[in-house]
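[1] Build me a model:
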Amino acid sequence: MKAEKPYDVLLLGAGNIDIVVSGCNAIPDAGQEIRVPNISFHIGGGTALSGLGMAKLGMRPVITGIVGDDYCGRFIIDELNRNGVATDIAFSQKQSTGISVAFNPETDRSFVTYDGTVTEFTLNDVQEQLFTKVRHVHITGYNGRSNHEEYLSFVTKAKQSGLTVSMDVGWDETGEWYEGIFDIIPFVDVFFANELEAIHYSRQSDVQAALSVFAKHTPSAVIKLGEGGVIAERNGKMMHHPSFQVTVVDTTGAGDSFNAGYLYGYLKGDDLENCLLYGTACGSLSVTKRGGSAGSPDLAELTAFLSDHSPREAVTLLS
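    Sure thing, here's the model as predicted:
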């Protein structure tokens, strides 16, 4: 009998700081001061937010990455540890911790961002000994040609080490939507994308056709539709789950909370319907509080929320 590994999931990249400015409808002119209802300070970045969501659900995530040797970097590590996320995070000697300032999250958000250590860390920096301590790895931050070989090498090594792999593809800022991603997807057990990402990468005009394209390359393909819920296919079964009706306060991190919920179900061996149920509930609850992780539920909150709804009646089997 194999010894249990100390961690469930390895996540890569330590994240950044989000400063959220509420009620700011215009940037002040030179010499002008604008007062706003609230400014809040949060951990940001998909890796950190998914890790926090997993820890709340009772999973054992570990994050490896780089932060600045500064207050923000130490804040990230302290908050992750305080919330049950193990860390293997180094301090950069080159750059300070990345910071993103988000204006007016109540409507269409706009950002001012300093990448800092976010772009300093690469998958080549991951110590392979970490593979022996986890059973699953979750990756984000794919940027097409610029880091394709790095990602292909990493997922190959992860699979050779006996790990399952999930990937949230993310937005391609180059606009190329590099088709080489289909060399990587066959090494991925759960592939996540949002609607626009899926349509761009698949070269299809609708999400169901896009999902079918991805499903030919990976056992589980998941496309997040925001308010429209989620569509997914696993082993030939295609399903749609609508989002839950909640009061939206801040949509930051909803997709990352969804990932945490879905992987919670996946790693305990649940079927596609339950994985979508957990993911959709976590994503929906996430938007009810300000900040990327504040609304992510713990297991008791998730259970209570689902007991008040009848989600299985809402699931549509598409194939």
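
[2] the strands in the stretch 1-150 of the chain, which residues?
    For the stretch 1-150 of the chain, the strands defined by DSSP state E, counting those that start in this stretch cover 9-12, 16-22, 38-44, 61-68, 86-92, 99-103, 110-114, 136-139.

[3] Ok, which of the ones you listed comes nearest A304?
    Proximity to A304 (Cβ to Cβ) singles out strand 61-68 among those, at 22.8 Å. C-beta coordinates here come from the backbone N, C-alpha and C atoms, glycine included.

[4] Each with direction, which strands does the closest one pair with?
    When pairs are called by DSSP bridges, strand 61-68 turns out to pair with strand 9-12 (parallel), strand 86-92 (parallel).

[5] Minimum distance to G116: which of those has it?
    Of all the strands paired with strand 61-68, strand 86-92 sits nearest to G116, with 8.0 Å by Cβ to Cβ.

[6] could I get that closest one in PDB with only the CA atoms?
    The C-alpha trace of strand 86-92 is given here as PDB (Å, rounded to 0.1, in the frame of the first residue of the first chain):
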ATOM      1  CA  ALA A  86       1.300  25.300   2.300                       C
ATOM      2  CA  THR A  87       4.000  27.400   0.600                       C
ATOM      3  CA  ASP A  88       7.400  26.800  -1.100                       C
ATOM      4  CA  ILE A  89       7.900  30.400  -2.100                       C
ATOM      5  CA  ALA A  90      11.200  32.200  -2.600                       C
ATOM      6  CA  PHE A  91      12.000  35.900  -2.300                       C
ATOM      7  CA  SER A  92      13.200  37.600  -5.400                       C
END
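
[7] Show me which residues of that strand are buried.
    Applying a neighbour-count criterion of 16 or more other Cβ atoms under 10 Å, the buried positions in strand 86-92 are 86-90, 92.

[8] same check, this time on stretch 260-275
    Buried, per 16+ other Cβ under 10 Å, within stretch 260-275: 260-267, 272-275.

[9] Out of those residues, which comes closest to N38?
    A260 (25.7 Å).

[10] could you give the angle of whichever strand or helix holds that closest one to strand 38-44?
    Per DSSP states H and E: A260 is located in helix 254-267. Counting by axes from the mean of the first three to the mean of the last three Cα atoms, to 10 degrees, helix 254-267 lies at 40 degrees to strand 38-44.

[11] Going by contacts, tell me the helices and strands next to helix 254-267.
    Applying 3 or more Cβ pairs under 8 Å, 6 or more residues apart in numbering; DSSP states H and E, one finds that helix 254-267 contacts helix 46-56, strand 136-139, strand 164-168, strand 190-194, strand 220-224, helix 272-286.

[12] Let's see that with 6 Å instead.
    Under the contact criterion of 3 or more Cβ pairs under 6 Å, 6 or more residues apart in numbering; DSSP states H and E, helix 254-267 touches helix 46-56, helix 272-286.

[13] confidence score at F244?
    With respect to pLDDT, F244 has a value of 91.

[14] For it, which non-adjacent residue is spatially closest?
    The shortest distance from F244 to any non-neighbouring residue, by Cβ to Cβ, 6 or more residues apart in numbering, is to S284 (3.9 Å).

[15] Show the contacting residues for the one you found.
    243-244, 246 (Cβ atoms under 6 Å, 6 or more residues apart in numbering).

[16] What about those residues, which are in helices?
    Of those, none are assigned to helices by DSSP state H.

[17] Among these, name the buried ones.
    Buried by 16+ other Cβ under 10 Å: 243-244, out of the contacts of S284.

[18] closest to Q32 among the contacts of S284?
    Among the contacts of S284, and counting by Cβ to Cβ, the member closest to Q32 is V246, at 36.4 Å.
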